[in-house]
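take this sequence and fold it.
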Amino acid sequence: MNNMNPRRAGISAIVVAIGIAIGIAGALALEAQQPPQVKRNVVLKKDMTLPDREGVMALVELPVGSSEGKHTHFAEVFAFVLEGTISLENEGMPTATLKAGDVFHILPGKVHNATNAGSVTAKLAAVFVAEKGKPLTTPVK
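Take a look at the predicted model:
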């Protein structure tokens, strides 16, 4: 049998309900604080006839307000903006605003970062002439 009096049981139920509500609110707040995530999808990866090189093709999506974060590549990168607008920081060059139809090139080891500067998801097609066996992307602190 339950020896708890009804008043104490009611208070316990309220405390549990408040705890659950606070937990849900905290989870929702944490989720709301997460920046939109950049999506990268490698669509082709093949060895090249160039020694120790591989060709990699990728589709990249940057939701509104997202940023890749500063990074480098062990690759030359050739990219085409398919949709939307990005702001591109590229070491040694002025920041550029690029829109659908624009192209850009990133040299190996150059620190760069793309940010969605527009009002719709930005989509890019990128081709990497990469050093085989090296990570495709290396974050910079």
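
got the phi/psi numbers for the residue nearest the centre of the chain?
Centroid-nearest residue in the chain: residue 38, 2.5 Å away (criterion: C-alpha atoms, centre = their mean). Here is the backbone geometry of residue 38 (degrees, to the nearest 10): phi -70, psi 140.

could you pull out the strands for the protein?
Remark: strands assigned in the chain by DSSP state E are 39-47, 53-62, 71-72, 75-83, 85-90, 93-99, 103-106, 112-116, 122-131, 138-139.

can you put these in TSV and add distance to residue 14?
C-beta: built from backbone N, CA, C; applies to glycine. Formatted as TSV, these follow (distance: least, C-beta to C-beta, whole Å):
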stretch	distance to residue 14
strand 39-47	43
strand 53-62	45
strand 71-72	50
strand 75-83	51
strand 85-90	50
strand 93-99	54
strand 103-106	58
strand 112-116	45
strand 122-131	48
strand 138-139	46
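
closest to residue 11 out of those?
Residue 11 sits nearest to strand 39-47 of all the strands of the chain, at 47.8 Å, using C-beta to C-beta.

so for the closest one, mean pLDDT?
Strand 39-47 shows a mean pLDDT of 97.

strand partners (parallel or antiparallel) of that strand?
strand 53-62 (antiparallel) (DSSP bridges).
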